[in-house]
Structure formats: structure tokens, C-alpha cells
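coordinates only, sequence not included:
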């Protein structure tokens, strides 16, 4: 597609439930990123994929968070045993992998609310 | 921690140039300065980036001081649609962009 697509746009769940958030990057973009944004703050890095592999997952807050990109295109962010503190907008971005430049195209985000 | 400091908010009159400052005094020699903006309820949008030289594209101009410790993003003729939070970012380790809280720019009619 023309842009980065994220689904669902809104997700409300109960504490303790499992959640999956999906990202469809721009076709041909080898790099894919997940960020998390809390109200009034800038995005916070979670994980970066280069192709199918996670090149940097140092931003994942704990082992309840996991992300995959099995075929090097679509990615899924998975959150187990959700907590109220996980409530945020989860942003996905993709880019051409060019050394020295980080020109990211972001999706509109998935707003997660944990009750 | 963010490697940049920006004013929390700014106003600008519609049709005038909006000049957004950013300090990045600890920037390393090979680190780029990036600017993104985020309109309410949307994902961030790339504006421009630069290393040493001033840059211009269809959206904005980026002026980087000679010592590279600060920069200014210039929107030459601001419109109401330019109201957004503007982020100045210096690339962190690996592929991480480390974001601060940004500058909330309000364009007034």
C-alpha cells in the first residue's frame, strides 16, 4: 500500500488479557520499527526489525512484550497478561535501510486501553 | 534521555515564518539532526534532516550552526495545518531515534 497500515486503530481490553497489534509496512521497506507513545510524551523505541530478524529489541520493557515479522513484511506486536500501564498508542514505522539516515514513515498507531 | 532540548510551546501567526529552535550540545560528529512533526491523533511525519550543511525541501528549511550544537527548523509560510508537535531528534545508538517531548507549535489566524 501507499502508507504504513496499523490494525486495530483502537483496542480496549481487560487487565490480564492477551493482545496482538498488526503492522503492514510500505512495500519494499526492509526496516520496521515499533514505538510506544504515552500521552504528552514523544515516542519510545521498542524494537527494530531488519528483514525477518529483530536487530535491536532493547526497548521492549519486559518479557510480556514480543514481536515477530516472519516473512519480512507484516509484523505483529504481542502483549501477554496486559497491565493498565501498557495503555498507550503503539506506533509502527518502516524505512528503506540506508546507512546514516533514519527517514521513517509512521502509521497512525494502535491505541491500546487496558481497563 | 533525549539528547535535544526544545521549548515546550510556541505561537506563530498564519502566513508568517515559524522558527523552531533546538539545542543538541552533545551531538557527535557523525550524528544527524532529524525533524518530525505529529499532528493530533496521527503518527509522526518526517520533515527534514541534516548533518552539517543547511538543508531545504518542499516542507521546510533546516539551519544548523557551525559548531552543530543547535539548529532551527523554519516553516516559511505557516498555515493552520502546520499546528502540531515538532520533534528535534539526534540519532541514538544503533537504529534508535531518541525522542524528547517536542515543541507544541500553534498557528494562529
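Okay, I see it. As the structure is a prediction and not an experimental result, all values here were calculated from the model.

for chain A, what are the nearby residues on chain B?
B:2, B:30, B:32, B:34, B:36, B:41-46, B:49, B:87, B:91-92, B:94-102 (C-beta under 8 Å from any C-beta of the partner chain). (C-beta placed from N, C-alpha, C; glycine too.)

could you turn the buried ones of those into a PyMOL selection?
In PyMOL, a selection of the buried entries from the residues of chain B next to chain A looks like this (16 or more other C-beta atoms under 10 Å in any protein chain shown):
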select buried, chain B and resi 2+32+34+36+43+44+46+49+87+91+92+95+96+97+98+99+100+102
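
taking the residues of chain B next to chain A one by one, which sit in strands?
B:34, B:36, B:45-46, B:49, B:87, B:91, B:97-98 (DSSP state E).

please produce a markdown table containing those, extended by pLDDT.
Below are these laid out as a markdown table (pLDDT from 0 to 100):
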| residue | pLDDT |
| --- | --- |
| B:34 | 92 |
| B:36 | 96 |
| B:45 | 96 |
| B:46 | 95 |
| B:49 | 92 |
| B:87 | 96 |
| B:91 | 77 |
| B:97 | 81 |
| B:98 | 81 |
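
what about the residue nearest to residue A:4 when sequence neighbours are not counted, neighbour count?
Ranked by C-beta to C-beta, 6 or more residues apart in numbering or on different chains and with sequence neighbours excluded, the top spatial neighbour of residue A:4 is residue A:107, at 3.7 Å. When counting by other C-beta atoms under 10 Å in any protein chain shown, one arrives at 24 neighbours for residue A:107.

show the contacting residues for residue A:107.
A:3-6, A:23, A:91-93, B:43 (C-beta atoms under 8 Å, 6 or more residues apart in numbering or on different chains).

distance check, it against residue A:29.
Distance of residue A:107 to residue A:29, computed by C-beta to C-beta, to the nearest Å: 12 Å.

where does pLDDT dip in chain A?
A:1, A:98-102 (pLDDT under 70).

and the helix or strand where residue A:94 lies, what does it pack against?
According to DSSP states H and E, residue A:94 maps onto strand A:88-95. Under the contact criterion of 3 or more C-beta pairs under 8 Å, 6 or more residues apart in numbering or on different chains; DSSP states H and E, strand A:88-95 touches strand A:5-7, strand A:19-24, strand A:31-37, strand A:75-79, strand A:105-106, strand A:110-114.

could you find the closest non-adjacent residue to the residue most central in space within chain A?
Centrality entry for chain A: nearest residue to the mean C-alpha point is residue A:34, 3.1 Å, by C-alpha atoms, centre = their mean. Spatial nearest neighbour of residue A:34, excluding adjacent residues (C-beta to C-beta, 6+ apart): residue A:46 at 4.2 Å.

that neighbour - that's part of a strand, no?
Yes: under DSSP: H, G, I helix; E, B strand; the rest coil, residue A:46 falls within a strand.

how far is the lowest-mean-pLDDT helix or strand in chain B from where the chain is centred?
Averaged element by element with mean pLDDT, DSSP states H and E, chain B has its least confident helix or strand at strand B:97-98 (a mean of 81). Chain-centre distance of strand B:97-98: 13 Å, with C-alpha atoms, centre = their mean, to the nearest Å.

what strands flank it, and is each parallel or antiparallel?
Sheet pairing for strand B:97-98, assigned by DSSP bridges, gives strand B:84-91 (antiparallel).

got the buried residues for the strand it pairs with?
For strand B:84-91, by 16+ other C-beta under 10 Å, it's B:84-91.
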